[in-house]
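# my questions concern the predicted model and sequence given below.
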Amino acid sequence: MTIRAVLWDVDDTIFNYYDADRLGIMQHLRSEGLDAGYDSADQALLRWREVTAVHWARFSAGEVDWQQHRRDRVRMFTGLAGLSDPEADAWFERYIAHYEAAWTLFPDVVPVLDLLTGYRHGILSNSALAVQDHKLRVLGVRERFETVICAAELGYSKPAARAFHTACEAMELPAHEVLYVGDEPDIDARGASEAGLPAVWLDRTGVGGRPELVRITALDQLPALLQGDTRFGAPLSFG
């Protein structure tokens, strides 16, 4: 089997979303005078992520569009159901400013991309194109990826097979020649595998388990796979 391209997830795969989200929401709560309502940063982050999950599921199901899902997150998180659309939009934009200030790539990303210059690279993300294109430009890696495909524009999201197939079609490659790398075992690795792509679960936190998936714990383990040291499709793991 010949791998010609690597298709990447973004958040918590190449971009340190967890830490940026945590720092961003806490700084935002302080600036909004809302931090007193939580016992700790982790408690606030947990609530923010619970709210995000609820409304992301609605967006993924096609019940609301991208902008509305953001507004509904703000209203649920703040408890201010009567916020107008412009008020909710402004609240979210103020949060985004704090969130962006905390953006970083994981330190293993650029070295691995430098090692994999013989492969084509693309992005498939369950986000919006404007969001991820801007993020990749700010982080200085947008030019590394020939295509960026996002769920908000597609109208469907990972783990749907057609999301992976659309990205492969954009690269004009068959699925079996495109490796998918992502941090979610089901949304990313299992979804990609079931869509016919070789797939790697990037388990940065060392959760383990899932022996049916090819698992690595850091991106510096990826080149060995691509160089043929390990047969894709076998339930192997590193770390």
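All right, it came through fine.

# ok, Met26 - contacts?
Applying CB atoms under 8 Å, 6 or more residues apart in numbering to Met26 gives the contacts Asp35, Ala41, Ala44, Leu45. Bear in mind the C-beta positions are built from the backbone N, C-alpha and C, glycine included.

# is it true that the first one touches Leu29?
What it means is Asp35. Yes - look at Asp35 against Leu29 with CB atoms under 8 Å: they come within range, at 4.2 Å.

# so between those two, which is more surrounded?
Leu29 (22 against 16; other CB atoms under 10 Å).

# who touches the worst-scoring helix or strand of the chain on mean pLDDT?
Ranked by mean pLDDT, DSSP states H and E, the helix or strand of the chain with the weakest confidence is helix 41-60, at a mean of 86. Contacts to helix 41-60, defined as CB under 8 Å, 6+ apart, come from residues 21-22, 25-26, 29, 35, 37-38, 64-66, 69-70, 72-73, 76-77, 126, 151-152, 157.

# quick one: buried residues of the following helix or strand past it?
Once helix 41-60 ends, the next helix or strand along the chain (criterion: DSSP states H and E) is helix 66-78. By neighbour count on 16 or more other CB atoms under 10 Å, the buried set for helix 66-78 is Trp66, His69, Arg70, Arg71, Asp72, Arg73, Val74, Arg75, Met76, Phe77, Thr78.

# most distant residue from the centre of this protein?
Gly82 (30.8 Å; CA atoms, centre = their mean).

# give me the three-state assignment for it.
coil (DSSP: H, G, I helix; E, B strand; the rest coil).

# likewise for Gly228?
Assignment for Gly228 (three-state DSSP): coil.

# confidence score at it?
Model confidence at Gly228, given as pLDDT, is 73.

# for Glu32, same thing?
Here, the pLDDT recorded for Glu32 equals 85.

# please report how far the closest residue to Val74 other than its chain neighbours lies from Arg73.
Residue nearest to Val74 in three dimensions, not counting chain neighbours: Ala88, with 4.4 Å by CB to CB, 6 or more residues apart in numbering. Separation of Ala88 from Arg73 (CB to CB, to the nearest Å): 9 Å.

# over to Ser157?
17 Å.

# now do Ser125
For Ser125 relative to Arg73 (CB to CB), the value is 18 Å.

# kindly report the same for Ser127.
For Ser127, the distance to Arg73 - CB to CB - is 14 Å.

# again with Arg204
25 Å.

# test my guess that Leu129 contacts Thr147.
No - if you go by CB under 8 Å, Leu129 and Thr147 don't touch, sitting 10.5 Å apart.

# check contacts around Tyr99.
Ala20, Asp21, Leu23, Gly24, Ile25, His28.

# run the chain-centre distance for the helix or strand containing the last one.
Applying DSSP H and E as the criterion places His28 in helix 17-32. For helix 17-32, the distance between its averaged C-alpha position and the chain's averaged C-alpha position is 18 Å (CA atoms, centre = their mean, to the nearest Å).

# secondary structure element for Lys158?
Here Lys158 is assigned to no helix or strand, by DSSP H and E.

# can you give me the domain boundaries for this protein?
Using automatic domain parsing, the domains assigned to the chain come out as 5-16+105-226, 17-101.
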